[in-house]
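1. sharing a model prediction with you, sequence too.
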Amino acid sequence: MECIVESIKLYVSSVLPHLPEETVNSVSTRLADEIGVITISDLSLVTSEDLIDLKPIDRRKLLRVWKPSETQNVLPTVPESHSDASSSRQDEMKVDNPTENWGTFCIPWKQMPVKLMSALEAGERPTHL
């Protein structure tokens, strides 16, 4: 359960970087413990009422990200030849939900090298560590 809480914290912080850490913690814990979120894909089922700790505008921002529209699942295909590239029309390909298989993926942050974590926390680009 700790892994999903950490994943939710990272997700909330990336969408709402202005939120205090205390608020991010309470929202993430509530979603996991009380609402029952167990995978990242479960976030698409979260409602505004589930985010009572947040201001309405912040709720909307999160829900907009967590509930992708149909257009986000359509990707342009790459033309097969150079002559096709000159065409202004792009073919489209329907993509299944790409986040479906990532619902239980967890990054083992506590196992990462200290230098890498320090660089990330400082907002620096990691180099050869």
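-> All right, it came through fine.
2. and the lengthiest helix in the chain, which residues are buried?
-> Ordering each helix of the chain by length in residues (DSSP state H) puts helix 2-15 first. By neighbour count on 16 or more other CB atoms under 10 Å, the buried set for helix 2-15 is 4, 5, 6, 7, 8, 9, 11, 12. No exception for glycine: its C-beta is placed from N, CA and C like everyone else's.
3. in JSON lines, list those residues along with distance to residue 61 and pLDDT.
-> Below are these laid out as JSON lines (distance: CB to CB, whole Å; pLDDT from 0 to 100):
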{"residue": "4", "distance to residue 61": "21", "pLDDT": "88"}
{"residue": "5", "distance to residue 61": "20", "pLDDT": "90"}
{"residue": "6", "distance to residue 61": "21", "pLDDT": "89"}
{"residue": "7", "distance to residue 61": "18", "pLDDT": "89"}
{"residue": "8", "distance to residue 61": "15", "pLDDT": "91"}
{"residue": "9", "distance to residue 61": "16", "pLDDT": "91"}
{"residue": "11", "distance to residue 61": "12", "pLDDT": "88"}
{"residue": "12", "distance to residue 61": "10", "pLDDT": "91"}
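4. mind putting those residues into CSV with distance to residue 35?
-> Converted to CSV, the buried residues of helix 2-15 look like this (distance: CB to CB, whole Å):
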residue, distance to residue 35
4, 11
5, 12
6, 16
7, 14
8, 10
9, 15
11, 14
12, 13
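5. out of those residues, flag the one nearest to residue 115.
-> residue 6 (20.5 Å; CB to CB).
6. my read: residue 12 touches residue 18, true?
-> No - with contact defined as CB atoms under 8 Å, residue 12 does not count as touching residue 18 (11.1 Å).
7. any idea of the mean pLDDT for the next helix or strand after the longest helix of the chain?
-> Next in sequence after helix 2-15, counting helices and strands by DSSP states H and E, comes helix 21-30. Averaging pLDDT along helix 21-30 gives 94.
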